[in-house]
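Asks: this one's structure only:
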């Protein structure tokens, strides 16, 4: 193996894959250690050294310097060793040593080669075979590729680890029966067909916004799960389209969503000069319409958040009007809403959707009753 060509190949590979050169050199040294032991039937301790500057490869056999007489006994010798447990407590334990001339050298013999050497140190001898370049080239390739893949997976995992619960843009690359595969640059994310907005059409090769619901590193590489149905997707769209939200001037209290049908989002501002609802809708609905278009026509109710729970619940039940809200249990988060017959269907919504979303938005269990039902339960509403 030509050392200059090897060094150049490592540098090119590191640059192309964006991997630290030391990662490749370390993997190569590990591979060559295995290759030497396998091809030359070595039972001794060996160390492979690759010169990072020249690319030259050398193999050393090393032995540990040990006591003389004790290690030569056939039945071994019992010595003690101090170990520290997890709580920091030290304990003296017995350790059994045996002399093995493949990995040990007596102090007496070691001193003949290296004057002043001490017990526990190692003594080395170069054992690089003349034809090892051929063995190294044929044996190390598979291990190197594996290490590079591991390093690439780690880089990708680190890149996406902090992007969970964020929105990203990718390209629709592939499709199978259950999933779309979205090209995110270094890797692909999985968008299950159950996580797209009902009724929308996904086109191959198109650019698409997706919400990252999960990032997991497994043996096959990082698993990145995506969604367009998640309520967090709507929140990120608002941050993207409404500068005041991105800047923190307007704050999002909560989001409740039934993908493909309706979303309710509660917003507020600590700046009394800012109209949070108006800012989100935009002039002539310009801002909110961009979000609706991205959501394939999904209806969006922008709700003003109130510190007063009863008023917040009343707002959340929009578009229903003339509501009377009673917080019946603050601890259990329960409320009664009394509504006239004309607004009953609006308050409840089709198949109960409006009241269900309002409950999620306010975190209250909401019981809706008509004026007549309330009177039967002993609640009288005095109209102003």
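Replies: The structure has been received and is ready for your questions. These numbers come from a predicted model, not from an experiment.
Asks: how about low-confidence regions in the stretch 251-384 of the chain?
Replies: By pLDDT under 70, the low-scoring segments of the stretch 251-384 of the chain are 380-384.
Asks: for the protein, which helix is longest?
Replies: Counting by DSSP state H, the longest helix found in the chain is helix 132-161.
Asks: next helix or strand past that helix?
Replies: As assigned by DSSP states H and E, the chain's next helix or strand after helix 132-161 is strand 167-175.
Asks: paired strands for that next one, with orientation please.
Replies: Note on strand 167-175: by DSSP bridges, its sheet partners are strand 179-183 (antiparallel), strand 207-218 (antiparallel).
Asks: what angle sits between that strand and helix 132-161?
Replies: Interaxial angle of strand 167-175 relative to helix 132-161 (axes from the mean of the first three to the mean of the last three CA atoms, to 10 degrees): 120 degrees.
Asks: distance from strand 167-175 to the middle of the chain?
Replies: 17 Å (CA atoms, centre = their mean, to the nearest Å).
Asks: and what of stretch 199-208?
Replies: Distance, centroid of stretch 199-208 to centroid of chain: 25 Å (CA atoms, centre = their mean).
Asks: for the longest helix of the chain, which positions count as buried?
Replies: 132, 135-136, 139-140, 143-144, 147-148, 151-153, 155-157, 160 (16 or more other CB atoms under 10 Å). Any C-beta I mention is one placed from the backbone N, CA and C, and that applies to glycine too.
Asks: likewise for stretch 365-381?
Replies: 366, 368-369, 371, 374.
Asks: what's next to that stretch, contact-wise?
Replies: Applying CB atoms under 8 Å, 6 or more residues apart in numbering, the external contacts of stretch 365-381 come out as 313, 317, 324, 326, 332-341, 344, 347-348, 355, 358-359.
Asks: what of stretch 155-172?
Replies: 18-19, 180-187, 189, 202-215, 217, 221-222, 224, 232-233, 236-237, 240.
Asks: quick one, phi psi at the residue in the chain sticking out farthest from the centre?
Replies: The centre of the chain is farthest from one residue, residue 112, which by CA atoms, centre = their mean lies 56.8 Å away. Backbone torsions of residue 112, given as degrees, to the nearest 10, read phi -70, psi -30.
Asks: likewise the one 3 residues further on?
Replies: Note on residue 115: backbone dihedrals following degrees, to the nearest 10 are phi -60, psi 130.
Asks: burial count for it?
Replies: Residue 115: 7 surrounding residues under other CB atoms under 10 Å.
Asks: separation between it and residue 125?
Replies: As judged by CB to CB, to the nearest Å, residue 115 and residue 125 stand 17 Å apart.
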